[in-house]
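[1] below is the sequence, then the predicted model.
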Amino acid sequence: MNAPARGRGTGCEAGFTLLELATVIVVIGILVLLITGVVSGIKGRAAKANCIVNLRNLFAGAAAYVEQQGRWPQVPARFIRSKPEEYARQWIDALSPYGITQPSWICPTQDEILGRPDLSKKPRVDYNATPFDAKPRTPYKWARQPWFVEHAAVHDGGPLLIYSDGSVLSLKDALKR
């Protein structure tokens, strides 16, 4: 005896079994996990690329400042901890004539972690500058002395650093050299 065929004209309803539905749900779940991982990786790389652009902008502004003023901006490093808003304001003001705006000082990843605070009321810089002296060539004197260092280790490899030649490395990569 043959088993009755499922489908039209047999009187049986065509549909999915519980096993088939479970299989589809599991496959969709796996695809969502894979896509989520890829998207978060892309977002992380994009944020890091944005930070690198910010550091290169700061480098260009600082190099223009040194070229025009004949020295590194003399912002007191002691303000980093005691008066961070004052430190931020002085650096923003020092490089603003060279096209460096407040957003260039902000790491998008750190900004997201901090909840995107209003920077007009409380300015901040997410990159610390090396406190060079006022001698004309000091910023270029040591090739492996970074000009700016990112505050937090929010990217793969740790904080980003930019050097006097314009190269950007993560702290992890810089320590390998």
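    Perfect, thanks for sending it.
[2] output the contacting helices and strands for the helix-or-strand element of the chain with minimal mean pLDDT.
    Using mean pLDDT, DSSP states H and E, helix 79-82 stands out as the lowest-scoring helix or strand of the chain, at a mean of 80. Contacts defined by 3 or more CB pairs under 8 Å, 6 or more residues apart in numbering; DSSP states H and E place helix 79-82 against helix 84-95. In this view, the C-beta of every residue, glycine as well, is placed from N, C-alpha and C.
[3] could you name the helices and strands sitting against the next helix or strand after the helix it packs on?
    Moving toward the C-terminus from helix 84-95, the next helix or strand (DSSP states H and E) is helix 108-113. Under the contact definition 3+ CB pairs under 8 Å, 6+ apart, helix 108-113 sits against helix 18-69.
[4] from the chain's centroid, how far away is the least confident helix or strand of the chain?
    Here the centre of helix 79-82 is set off from its chain's centre by 23 Å, with CA atoms, centre = their mean, to the nearest Å.
[5] how about that helix: buried residues?
    By neighbour count on 16 or more other CB atoms under 10 Å, the buried set for helix 79-82 is 79-80.
[6] ok, now stretch 151-164?
    Those would be 154-155, 158-164, for stretch 151-164 by 16+ other CB under 10 Å.
[7] now those residues in TSV, please, with extra columns for distance to residue 115.
    As requested, those are exported to TSV (distance: CB to CB, whole Å):
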residue	distance to residue 115
154	14
155	19
158	23
159	21
160	22
161	26
162	27
163	32
164	34
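[8] could I get those residues as JSON lines with pLDDT and distance to residue 33?
    Output for these, formatted as JSON lines (pLDDT from 0 to 100; distance: CB to CB, whole Å):
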{"residue": "154", "pLDDT": "84", "distance to residue 33": "24"}
{"residue": "155", "pLDDT": "83", "distance to residue 33": "23"}
{"residue": "158", "pLDDT": "88", "distance to residue 33": "27"}
{"residue": "159", "pLDDT": "92", "distance to residue 33": "30"}
{"residue": "160", "pLDDT": "93", "distance to residue 33": "29"}
{"residue": "161", "pLDDT": "93", "distance to residue 33": "34"}
{"residue": "162", "pLDDT": "94", "distance to residue 33": "36"}
{"residue": "163", "pLDDT": "93", "distance to residue 33": "39"}
{"residue": "164", "pLDDT": "92", "distance to residue 33": "44"}
